[in-house]
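J.: Kindly generate the corresponding structure for this input.
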Amino acid sequence: MNTLLILAAVAIFAILMRPAHGITSTGLATKGLRSEFFNRFDAAKTHYQDLVTILKSTTKTEDYRWLGSVPQMREWGAGRIAKGLRVESYSVENQKYEATLEVDRDEISDDQTGQIRIRINELALRAATHKDYLLAQLLINGGSSGFLSYDGVTYFNDAHVSGASGSQDNNLTFNVTTPANPTTSEMRDAIMQAVTQMAGFKDDQGLPMMLDMSGLVLVVPPNHYFNAMEAVSAAIVVNTTNVINGLARVISFPYLTATDTFYLLKTDGVVRPFVLQDREPVEFRSMDKDDSEEAFMREKYLYGVRARYRMTYGYPHYAIRTVLN
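T.: Numbers count the residues shown, from 1 in each chain. Sure, this is the predicted structure:
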């Protein structure tokens with residue numbers, strides 16, 4: 001009798017431990033994956049935060065009419081003189097972005113969850129660095145048709161005009177021996193040219209835009225990183241005191257493909273050279289249940305990210321492109 005009771009208990013225990021309704025345990029709990037995704041997302045090294053003004057967006061399209069519109073203080077005299085926004089307008093529509101991983105059910109059944117987690121961590125890295133990528137595209141295409149500043153001309157242009165600013169050029173060239181590998185002195189002189197040019201820029205009321213030499217950043221392709229670093233950090237260049245020692249910090253942007261071009265940015269203004277219009281932050285979702293439509297019809301599990309934002313141009317006065325030739 002005792003033996004029969006033991007056998008019955010074993011049978012009941014086996015039934016209770018069997019997965020309900022034949023559902024496979026993927027070992028990839030959505031809650032755990034979301035936490036792992038955002039841990040990797042938050043840990044990613046990115047540069048855009050230091051180079052853009054971040055504005056919270058609340059609508060599909062944002063209108064910017066305040067660029068270049070702030071008056072200088074004046075004597076009170078007969079009273080206040082209110083100045084409205086300038087006629088230049090700049091409408092920017094938010095864009096939606098996504099990236100989705102498709103995982104075959106057999107990969108999970110064959111115990112490949114470790115590899116799948118690696119792919120999801122890589123997805124987090126891609127999502128985190130996407131804004132850096134978008135910023136690089138604005139730099140790369142800033143002189144191309146359709147990539148306009150708020151004043152209606154291409155962002156890097158030799159004829160920016162707004163109000164009383166006069167014509168201003170933020171699209172420079174500089175002659176060197178080897179454009180892809182300039183000497184330290186050549187790079188130093190090219191940087192000095194860009195800084196001097198930026199220091200002369202004026203706003204729509206004819207007043208200086210660059211009030212000091214702080215917040216300067218050189219954004220360079222990888223091949224120029226060490227040239228630029230030496231040019232702004234060496235105490236002596238060609239037996240002469242380096243007058244721009246410590247003037248700017250250097251960022252190597254791997255997305256930049258032109259080996260003959262670098263960018264000088266001023267990044268400590270209220271409005272920076274670029275604007276991030278932030279509408280909806282990155283979210284992580286999954287369809288990894290056996291009773292989902294994708295799993296039932298195609299035996300596929302889906303893991304994806306989604307966001308809405310737009311990277312666009314801010315003040316062209318705070319950005320100069322230099323092409324070495």
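J.: On the pLDDT front, check Asp290 for me.
T.: Note for Asp290: predicted pLDDT of 55.
J.: What ranges does the stretch 101-250 of the chain have for its helices?
T.: Under the criterion DSSP state H, counting those that start in this stretch, the stretch 101-250 of the chain contains helices at 105-109, 113-128, 130-140, 184-199, 225-233.
J.: how distant is the third one from the center of its chain?
T.: Between the centre of helix 130-140 and the centre of its chain there are 6 Å (C-alpha atoms, centre = their mean, to the nearest Å).
J.: Relative to Tyr48, tell me which of the helices of the stretch 101-250 of the chain wins on proximity.
T.: Of all the helices of the stretch 101-250 of the chain, helix 130-140 sits nearest to Tyr48, with 4.4 Å by C-beta to C-beta. Backbone N, C-alpha and C define where each C-beta goes, glycine included.
J.: Just the CA atoms of that closest one, as CSV, please.
T.: What follows is helix 130-140, C-alpha atoms only, in CSV (Å, rounded to 0.1, in the frame of the first residue of the first chain):
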residue,chain,number,x,y,z
HIS,A,130,22.0,56.3,-33.1
LYS,A,131,21.9,60.1,-32.2
ASP,A,132,25.7,60.2,-32.7
TYR,A,133,25.2,58.7,-36.2
LEU,A,134,22.5,61.2,-37.0
LEU,A,135,24.7,64.1,-35.9
ALA,A,136,27.5,62.8,-38.1
GLN,A,137,25.1,62.8,-41.1
LEU,A,138,24.3,66.5,-40.4
LEU,A,139,28.1,67.2,-40.4
ILE,A,140,28.8,65.2,-43.6
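J.: picking up where we left off before, could you dump the helices of the stretch 101-250 of the chain into a markdown table and include distance to Val282, mean neighbour count and mean pLDDT?
T.: As requested, the helices of the stretch 101-250 of the chain are arranged in a markdown table below (distance: least, C-beta to C-beta, whole Å; neighbours: other C-beta atoms under 10 Å; pLDDT from 0 to 100):
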| stretch | distance to Val282 | mean neighbour count | mean pLDDT |
| --- | --- | --- | --- |
| helix 105-109 | 24 | 14 | 69 |
| helix 113-128 | 5 | 16 | 87 |
| helix 130-140 | 8 | 19 | 97 |
| helix 184-199 | 34 | 19 | 97 |
| helix 225-233 | 29 | 20 | 96 |
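J.: how about JSON lines for those helices, with distance to Leu33 added?
T.: Output for those, formatted as JSON lines (distance: least, C-beta to C-beta, whole Å):
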{"stretch": "helix 105-109", "distance to Leu33": "13"}
{"stretch": "helix 113-128", "distance to Leu33": "6"}
{"stretch": "helix 130-140", "distance to Leu33": "19"}
{"stretch": "helix 184-199", "distance to Leu33": "46"}
{"stretch": "helix 225-233", "distance to Leu33": "36"}
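J.: of the ones you listed, which approaches Lys300 most closely?
T.: Using C-beta to C-beta, the nearest of the helices of the stretch 101-250 of the chain to Lys300 is helix 105-109, at 6.9 Å.
J.: Next one, pLDDT for the closest residue to Gln205 other than its chain neighbours please.
T.: The shortest distance from Gln205 to any non-neighbouring residue, by C-beta to C-beta, 6 or more residues apart in numbering, is to Ala164 (5.6 Å). Note for Ala164: predicted pLDDT of 88.
J.: correct me, but Ala164 touches Pro71?
T.: No. Ala164 lies out of contact with Pro71 (C-beta atoms under 8 Å); the separation is 11.9 Å.
J.: Can you get me a residue count around Phe253?
T.: Number of residues near Phe253 (other C-beta atoms under 10 Å) recorded here: 21.
J.: pLDDT value on it, please?
T.: pLDDT, Phe253: 96.
J.: wait, what's in contact with it?
T.: When contacts are counted by C-beta atoms under 8 Å, 6 or more residues apart in numbering, Phe253 is found next to His47, Asp132, Ala136, Leu139, Val219, Val220, Pro221.
J.: what residues are up against the fourth one?
T.: Going back to what we said before, that points to Leu139. So Leu139 contacts Val219, Phe253, Leu256, Tyr263, Arg321 (C-beta under 8 Å, 6+ apart).
J.: burial of the fourth one, as a residue count?
T.: Using other C-beta under 10 Å, Tyr263 has 24 other residues around it.
J.: For the nearest residue to Asn245 once chain neighbours are set aside, what are phi and psi?
T.: Among residues not flanking Asn245 along the chain, Ala235 sits closest, at 5.8 Å (C-beta to C-beta, 6+ apart). Backbone torsions of Ala235, given as degrees, to the nearest 10, read phi -70, psi -30.
J.: Near Ala235, how many residues? Count them for me, please.
T.: Ala235 has 8 neighbours, counted by other C-beta under 10 Å.
J.: doesn't Leu51 make contact with Arg272?
T.: Yes. With contacts counted by C-beta under 8 Å, Arg272 reaches Leu51, the gap being 6.3 Å.
J.: who touches both of these two?
T.: Taking C-beta under 8 Å, 6+ apart as the criterion, Arg272 and Leu51 both touch Leu265.
J.: before we move on, back to that, could you point out which of the helices of the stretch 101-250 of the chain sits nearest Arg285?
T.: Closest approach to Arg285 among the helices of the stretch 101-250 of the chain (C-beta to C-beta): helix 113-128, 11.8 Å.
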